[in-house]
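# Have a look; sequence and predicted model below, questions after that.
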Amino acid sequence: MKDVYFLIQGWDHPASRYRVLQYIPYLKASHIEAKVALFPDSFIKWMKLFSELKEYHIVFVQKKRLWHWQLWYLRRKHITIIYDFDDAVMFKSPVDGGGRSFKRQRTFARMVRYSNQVIAGNQYLKSQALPYNKNITIIPTAIDTSRYTIKDYRRSKGRVTIGWIGSRSSLPFLKELTPAFDQLASQDNSLELKIICNDFFECTKMPVIKKRWILEDENSDLQDIDIGLAPLPNHEWTKGKCATKLLQYLSVGVPVVCSPVGVHNEIIKEGVNGFFAASLQEWTEKITILLRDKTLRERMGFEGRKTADSSYSLKANTPIFMKAIKGI
């Protein structure tokens, strides 16, 4: 029998990169045979996959909730299932209207029940899975901090850049802060907003730098940011977010201003490695504090890098991931 068959969402999908792909070299170094493939998109391809899976001891399902017949087949063939999820997939996102979903809850519960091992991205997600399975390991979304260079605060570009990195689906959360951005820009003309994404918006007064996300440019793009932003609405779905963008800011030694939602409360220590903001007024106030004090930005940035290295780095979490696989 071969070892682990990983089913992922996409080769360039952030969750696939952070939750699976970056661990594959460590599995191979430990002589654990692993194959990675995308989820089949047709019945015929699923049948072909089932034929392949007969040779594997474990199937690792990344985030997707399988149908009942697929789970029934895997159990019938005595294939061990590891289910990994890093989002509150049992709820609708605010962008989709938010709220509870009976269908999502039902398919999530079934997926967790059928799994032999569950890997949750944070404590909140674990609490959602616990009613259906007690065999749960928490592995945060880990950042390979060795890929990120700490910001050189000796360099001065004359302007202060507040920045945001993320996907189109999360961009509306940033856009809600537009009034705060315009107020800040009216008070200080040395301030600019940089958006690293595949979609953008304009502000009335705040200059906006639009940078399309490219993996190879990620480190240098983050280096240009002086204050990282991570806004989230307080919602059942957002409580399950694993704060990837927050960790990216910390990995380059940039202080953050973020919403006190979900795992943000575990990562950020107020006034040490970042600030919390829960209203437009607080966003304006906290950004202003960092805007006016470069020494504070540098000190908080270095504290943030220490936080990322100690608890949320690939180096810190690889032993936990390996233990979860080897334990099965």
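Yep, that arrived.
# wouldn't Q117 be in contact with V61 here?
No - the criterion here is CB atoms under 8 Å, and Q117 misses it with V61 at 10.6 Å. Bear in mind the C-beta positions are built from the backbone N, C-alpha and C, glycine included.
# Between those two, which contacts overlap?
81-83 (CB atoms under 8 Å, 6 or more residues apart in numbering).
# Which of the residues you listed ranks first by neighbour count?
Within the shared contacts of Q117 and V61, most neighbours by other CB atoms under 10 Å means Y83, with 27 neighbours.
# partner residues bridging that one?
Taking DSSP bridges as the rule, Y83 bridges to V61, V118.
# dump the residue contacts of it.
61, 111-112, 115, 117-119.
# Out of the shared contacts of Q117 and V61, flag the one nearest to G10.
Nearest to G10 among those: Y83, at 17.8 Å, using CB to CB.
# residues touching the spatially most central residue of the chain, list them.
Computing the C-alpha centroid of the chain and ranking residues by CA atoms, centre = their mean puts T244 first, at 3.3 Å. Applying CB under 8 Å, 6+ apart, we find T244 in contact with 14, 18, 141, 143.
# out of those, which is most surrounded?
Neighbour max across the contacts of T244 (other CB under 10 Å) = I143, 24 neighbours.
# Can you tell me how far that one is from S93?
23 Å (CB to CB, to the nearest Å).
# So, low pLDDT: which residues of the chain?
Within the chain, the stretches with pLDDT under 70 are 1, 95-99.
# remind me, longest helix of it?
Determined from DSSP state H, the single longest helix within the chain is helix 294-311.
# Mind giving me the packing neighbours of it?
Under the contact definition 3 or more CB pairs under 8 Å, 6 or more residues apart in numbering; DSSP states H and E, helix 294-311 sits against helix 244-251, helix 280-291, helix 314-327.
# re earlier: could you export the shared contacts of Q117 and V61 as CSV, including distance to M300?
CSV is the format used below for the shared contacts of Q117 and V61 (distance: CB to CB, whole Å):
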residue, distance to M300
I81, 42
I82, 37
Y83, 37
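# quick one: which of those is nearest A129?
So of those, ranked by how close each gets to A129 (CB to CB), first place is Y83, at 8.5 Å.
# Need the three-state assignment for K134.
coil (DSSP: H, G, I helix; E, B strand; the rest coil).
# for it, phi and psi?
Backbone geometry at K134, expressed as degrees, to the nearest 10, gives phi -90, psi -10.
# burial measure for it, as a count.
Applying other CB under 10 Å, we find 8 residues neighbouring K134.
# A185 versus that one, what's the distance?
With CB to CB as the criterion, K134 and A185 are 52 Å apart.
# Hmm, E202 and F181 touching each other?
No - the pair F181 and E202 does not pass the contact test of CB under 8 Å, sitting 10.5 Å apart.
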